[in-house]
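**Student:** structure of the sequence below:
(one chain, ligands or ions: 1)
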Amino acid sequence: MPSQRRGSTLPSMLAKLGAMTSIRELQLVEQSLLRTLAPLLGVAETSLYRTNEHHQVTHKLHHYRSDKRGPDGAASTTERIDDIRNDASVPPHISALLDYMRLLKQPSRRTHGQGYLFGYPLIHGGGQQCGYFVFEREQDLTPVEEAVIAGVLKLYTNHYTLLDTSQRDRLTGLRNRYSLELNLDRLWEELAAQQAPGADAPQQAYWLGILDIDHFKRVNDQYGHIIGDEILLLVARLLGRTLRRADLLYRYGGEEFIAVVVAPDLAGATALFERLRLAIEQFTFPQVGRVTISGGFCSATPTLLPGTVLDRADRALYQAKAAGRNRVLHYDALISQGILDEVECGTIELF
Ligand SMILES: Nc1nc2c(ncn2[C@@H]2O[C@H](COP(=O)(O)OP(=O)(O)OP(=O)(O)O)[C@@H](O)[C@H]2O)c(=O)[nH]1
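**Tutor:** Here you go, the predicted structure:
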């Protein structure tokens, strides 16, 4: 990997760090980390591999930058970030580096091609290892550079941990409603960009479903709130376990969950939401026994406002409850069957 001109001075690095710690969206913080470190290290490519509690890579971020000189001699830098969520594959030499860091919980450096491959584990609050920062460079790092990387990563992980905590539901550990608000805005921007004329990004179809535990008040009334909390926690785990890595799950409110999933078509989305329903129906909950969920889902299309999509899923959920519960219904099917009327303006209170 060719070394790039190091355009970063201390003031510009501090400015980038200041910008990073003013960001509230987790994904943008990750991007900002790569944008800060790449010029500092003088490399054309840096990567961040985020992992789950099973140490599996859940998504990858690659940052590319190149310095150019225009005909007038003026220098400019172009940057690109690829955020890959649906492909967890990792090249063998990177995979070996990640395995090593996972076991030793410390940075690693190895020779690679004409230079070196460097890796730094990302350790969040509570000592939890949740990802890796990786880059290649022709020259070895100086002690000062090593200290700077360690310092920037510490600042990043502290900020990320604070944000992550504020965006998680305490009981289930799932992302909360505030996190959904932030993610929906970004997701909609991504969807709109994919469908813009001339866009070359792969087309993805997203679906949004609202899932609600049936007769949960009865559970609380009959068994008490502590058991009720336990049911909420178990439902969250079962739903999370049934979804795939690229899908997102939120606790939207009391006994309501929202899943934003990727599926190629309606049949795929229907099968996925049905799997979620079955995962709960088929589980034997301690003391309570059988618990069921109802749900409504619809296509998350960027031509509609996020609030309208939520409203559609909510109206389908309402029908699922009215039709006897323990079922997941698709909004468009309810419209075509004449069970629901199309209304453009939603009634759901959004954020
Ligand atoms: N234990 C516990 N209960 C909660 C929590 N959040 C909300 N609830 C309870 O969830 C129940 C929701 O009741 P309802 O909205 O009437 O719905 P339901 O009984 O599930 O009935 P349907 O949705 O119509 O099937 C209420 O009793 C709330 O107190 C929580 O964090 N823990």
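
**Student:** residues of the protein that sit close to the ligand?
**Tutor:** Counting by CB under 6 Å from any ligand atom, the chain comes close to the ligand at 171, 212-218, 220, 225, 228-229, 232, 254-255, 321, 325. Using the backbone N, CA and C atoms, a C-beta is placed for each residue, glycine as well.

**Student:** now do 5 Å
**Tutor:** When proximity is defined by CB under 5 Å from any ligand atom, the chain lies next to the ligand at 214-217, 220, 225, 228-229, 254-255.

**Student:** how about the nearest residue to residue 285, chain neighbours excluded?
**Tutor:** Nearest residue to residue 285 in three dimensions, chain neighbours excluded: residue 291, at 5.2 Å (CB to CB, 6 or more residues apart in numbering).

**Student:** what secondary structure does the one you found sit in?
**Tutor:** With DSSP: H, G, I helix; E, B strand; the rest coil as the basis, residue 291 sits in coil.

**Student:** I'd say it and residue 211 touch.
**Tutor:** No: judged on CB atoms under 8 Å, residue 291 makes no contact with residue 211 at a distance of 11.9 Å.

**Student:** from the centroid of the chain, which residue is nearest?
**Tutor:** residue 248 (6.5 Å; CA atoms, centre = their mean).

**Student:** for it, which non-adjacent residue is closest in space?
**Tutor:** Leaving aside its chain neighbours, residue 248 sits nearest to residue 260 (4.4 Å; criterion: CB to CB, 6+ apart).

**Student:** picking that back up, among the residues of the chain next to the ligand, name the buried ones.
**Tutor:** Neighbour counting over these (16 or more other CB atoms under 10 Å) leaves 214, 216, 220, 228, 255 as the buried ones.

**Student:** the longest strand along the chain: what's the following helix or strand?
**Tutor:** Scanning the chain for the longest strand, with DSSP state E as the assignment, gives strand 57-69. Going down the chain from strand 57-69, the next helix or strand is strand 75-84, by DSSP states H and E.

**Student:** list the neighbouring strands of that next one plus their orientation.
**Tutor:** The strands that strand 75-84 pairs with in its sheet are strand 57-69 (antiparallel) (by DSSP bridges).

**Student:** as TSV, the buried ones among the residues of the chain next to the ligand with pLDDT, distance to residue 159 and secondary structure would be great.
**Tutor:** As requested, those are arranged in TSV below (pLDDT from 0 to 100; distance: CB to CB, whole Å; DSSP: H, G, I helix; E, B strand; the rest coil):
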residue	pLDDT	distance to residue 159	secondary structure
214	98	40	coil
216	97	36	helix
220	96	37	helix
228	97	34	helix
255	96	32	coil
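
**Student:** closest point of the stretch 251-351 of the chain to the ligand, which residue?
**Tutor:** In the stretch 251-351 of the chain, no residue comes nearer to the ligand than residue 254, which is 2.7 Å away by CB to the nearest ligand atom.

**Student:** how much space between the residue nearest to that residue when sequence neighbours are not counted and residue 78?
**Tutor:** Excluding its sequence neighbours, the residue lying closest to residue 254 (CB to CB, 6+ apart) is residue 216, at 7.5 Å. In this structure, residue 216 and residue 78 are 52 Å apart, going by CB to CB, to the nearest Å.

**Student:** how many neighbouring residues does the residue nearest to residue 248 have?
**Tutor:** By other CB atoms under 10 Å, 21 other residues sit near residue 260.

**Student:** check contacts around it.
**Tutor:** Neighbouring residues of residue 260 by CB atoms under 8 Å, 6 or more residues apart in numbering: 183-184, 187, 206-208, 247-248, 250, 300.

**Student:** where's the dip in pLDDT among the residues you listed?
**Tutor:** Least confident of the contacts of residue 260 in the model: residue 187, at 78.

**Student:** am I right that that one is in a helix?
**Tutor:** Yes: assignment of residue 187 by three-state DSSP places it within a helix.

**Student:** my guess is it contacts residue 206, does it?
**Tutor:** Yes: with contact taken as CB under 8 Å, residue 187 and residue 206 are classed as touching, separated by 6.8 Å.

**Student:** who has more neighbours, the two?
**Tutor:** Ranked by neighbour count (other CB under 10 Å), residue 187 and residue 206 place residue 206 first, with 22 against 18.
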